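> Provided below for reference: sequence and predicted model.
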Amino acid sequence: MERLIVERKLDSLQRCLARIAAKCPETADALKADVDLQDVLVLNISRAVQMCVDLATHLIADLPLAPPGTMGEAFDRLVEGSLMDAALALRMKKAVGFRNIAVHAYDAIDWDIVFAIASRHLGDFRAFAHVVALRLDGEAA
């Protein structure tokens, strides 16, 4: 795994999560009423998901596992490689599903889901970053 690339992606992920946390409004209704906040949150959530997928593929490249066929399968492969638990993988796959809607069907976004991700699920991204950091630290040892 290329340490510098992974570290930069982890930094980018942390910046996205900080931006989401800083801009998340108090209620879903406030989000629904503010198009600018919608854009900021969706863009940063989408970027965070993409960073996680990219990081997952970097981890997979160093394992004797088949390459994933989809973005979501990247997290399944990490479960197969015993790098993360199935519950976190499922939550990350759901995040990929959201990202796909955000990128390909923006008009179908459910703002209650965006609010839920921004207000209650950033910990999933942080937990995944921890998985990556542990692997990175293990390689340094």
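Received the coordinates, thanks. Numbering: from 1, shown residues only.
> Ignoring the adjacent residues along the chain, who's closest to the residue sitting nearest the centre point of the chain?
Nearest to the geometric centre of the chain sits Val49, at 3.0 Å (Cα atoms, centre = their mean). With sequence-adjacent residues excluded and distances taken as Cβ to Cβ, 6 or more residues apart in numbering, Val49 is closest to Arg99, at 4.0 Å. Bear in mind the C-beta positions are built from the backbone N, C-alpha and C, glycine included.
> Need the pLDDT of the one you found.
What the model reports for Arg99 is a pLDDT of 94.
> Return the helix or strand in this structure with minimum mean pLDDT.
For the chain, the helix or strand with the lowest mean confidence is helix 122-140, at a mean of 91 (criterion: mean pLDDT, DSSP states H and E).
> quick one on the thing from earlier: thought the residue nearest to Val49 was touching Ser46?
Yes. When contacts are counted by Cβ atoms under 8 Å, Arg99 is listed as touching Ser46 (5.0 Å).
> For these two, indicate the residue with more neighbours.
Arg99 (21 against 18; other Cβ atoms under 10 Å).
> Could you check how far that one is from Pro64?
Distance check for Arg99 against Pro64: by Cβ to Cβ, to the nearest Å, it reads 28 Å.
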